[in-house]
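1. For reference, the sequence and a predicted model appear below.
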Amino acid sequence: MPARIDHLVTSGTFSLDGGTWEVDNNVWIVGDDHEAIVIDAAHDADAVAEALGDRRLLAVVCTHAHDDHVNAAPALADRTGAPVLLHPDDRPLWDRTHPDRAPDGELADGQVLRVAGTELTVLHTPGHAPGAVCLHAPELNTVFTGDTLFQGGPGATGRSFSDFPTIVASIRDRLLTLDGDTVVRTGHGDATTIGAEAPHLEEWIARGH
């Protein structure tokens with residue numbers, strides 16, 4: 001039996017380039033009754049720990065290192081003993097939030113994470129951030145996209161460390177090649193599917209940044 005997906009929403013702020021915004025973040029927990037991984041420990045380590053219950057946490061996986069996605073990661077890791085995993089290209093962003101605490105391990109394109117008998121493949125999808133990744137779980141018919149792809153289009157690229165042509169290329173080459181019925185579970189807001197977003201690629205390119 002494949003792992004299940006649990007979901008909670010946490011609230012806090014996102015700060016970059018001198019601005020701060022109120023945000024609600026999706027936190028995804030993938031696992032079974034015994035073990036799990038957390039994707040994007042945002043804002044509230046206590047709330048995430050409560051959702052985990054007594055399950056063994058195998059890893060805190062960061063889709064990217066904007067502060068709203070990683071601000072609770074060290075606290076959650078410290079209380080559970082689980083490693084924090086981040087793509088190395090996002091260390092400059094991570095270090096702005098946690099200058100005295102490095103991630104515990106690195107994510108790499110093609111790496112496979114296993115939890116509760118289910119495999120999640122790391123897809124490096126830069127653009128929103130240099131080290132942004134998505135996690136594809138075919139058995140769950142799901143891709144966790146962080147802030148790379150949302151319902152309605154690409155993640156924002158108007159701030160430091162981001163680039164619009166890069167994010168469009170990442171979505172085109174790494175995500176829109178997945179099955180159309182693959183559920184896209186995002187870092188903020190509602191889920192969508194690859195099939196719902198794919199027809200709009202040319203519009204995004206024409207719209208530009």
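-> Nice, thanks for sending it over.

2. Tell me where the model's unsure across the protein.
-> 208-209 (pLDDT under 70).

3. residue ranges for the strands of it, please.
-> Secondary structure of the chain by DSSP state E: the strands cover 4-16, 19-31, 35-39, 56-61, 84-86, 105-106, 112-115, 118-124, 133-137, 142-146, 149-150, 153-154, 183-186, 192-193.

4. Can you tell me which of those strands is most buried?
-> With neighbours taken as mean count of other CB atoms under 10 Å, those reach their highest mean count in strand 142-146, at a mean of 27. The way it works is simple: take the backbone N, C-alpha and C, and place the C-beta from them, glycine included.

5. how about the strands of the chain in CSV, adding distance to A77?
-> Formatted as CSV, the entries for the strands of the chain read as follows, by distance: least, CB to CB, whole Å:
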stretch, distance to A77
strand 4-16, 16
strand 19-31, 14
strand 35-39, 9
strand 56-61, 5
strand 84-86, 5
strand 105-106, 11
strand 112-115, 15
strand 118-124, 18
strand 133-137, 18
strand 142-146, 18
strand 149-150, 27
strand 153-154, 30
strand 183-186, 22
strand 192-193, 30
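
6. Between those, which one is closest to N71.
-> Of all these, strand 4-16 sits nearest to N71, with 6.8 Å by CB to CB.

7. which residue packs closest to T157, ignoring adjacent ones?
-> With CB to CB, 6 or more residues apart in numbering as the measure, F164 is the residue that lies nearest to T157, at 4.3 Å, once sequence neighbours are left out.

8. What's the local residue count around the one you found?
-> With neighbours defined by other CB atoms under 10 Å, the count for F164 comes to 19.

9. ok, it to I171 distance?
-> For F164, the distance to I171 equals 11 Å [CB to CB, to the nearest Å].

10. where do the contact lists of those two overlap?
-> Listed contacts common to F164 and I171 are G127, P154; contacts here mean CB atoms under 8 Å, 6 or more residues apart in numbering.

11. Can you check which of the strands of the chain gets nearest to D67?
-> Closest to D67 of these, according to CB to CB: strand 4-16, at 5.8 Å.

12. Just give me how far the closest one sits from the chain centre.
-> Strand 4-16 sits 10 Å away from the centroid of its parent chain (CA atoms, centre = their mean, to the nearest Å).

13. cool, and stretch 167-185?
-> The answer for stretch 167-185 is 14 Å, by CA atoms, centre = their mean.

14. Just the residues contacting that stretch, thanks.
-> For stretch 167-185, contacts defined as CB under 8 Å, 6+ apart pick out 5, 7, 26, 28, 123-128, 132, 134, 136, 141-145, 148-149, 151, 154-155, 157, 191-195, 197-198, 201, 204-205.

15. 6 Å instead, please
-> Contacting residues not belonging to stretch 167-185 are listed as 28, 123, 125-128, 141-145, 149, 154, 157, 191-195, 198, 201, 204-205 [CB atoms under 6 Å, 6 or more residues apart in numbering].

16. And for stretch 151-164?
-> The contact list for stretch 151-164 (CB under 6 Å, 6+ apart) reads 16-17, 127-130, 147-148, 167, 171, 190, 192, 204, 209.

17. Pull out the buried positions in that stretch.
-> Neighbour-count burial for stretch 151-164 flags G153, P154, G155, T157, F161, S162, D163, F164 (criterion: 16 or more other CB atoms under 10 Å).
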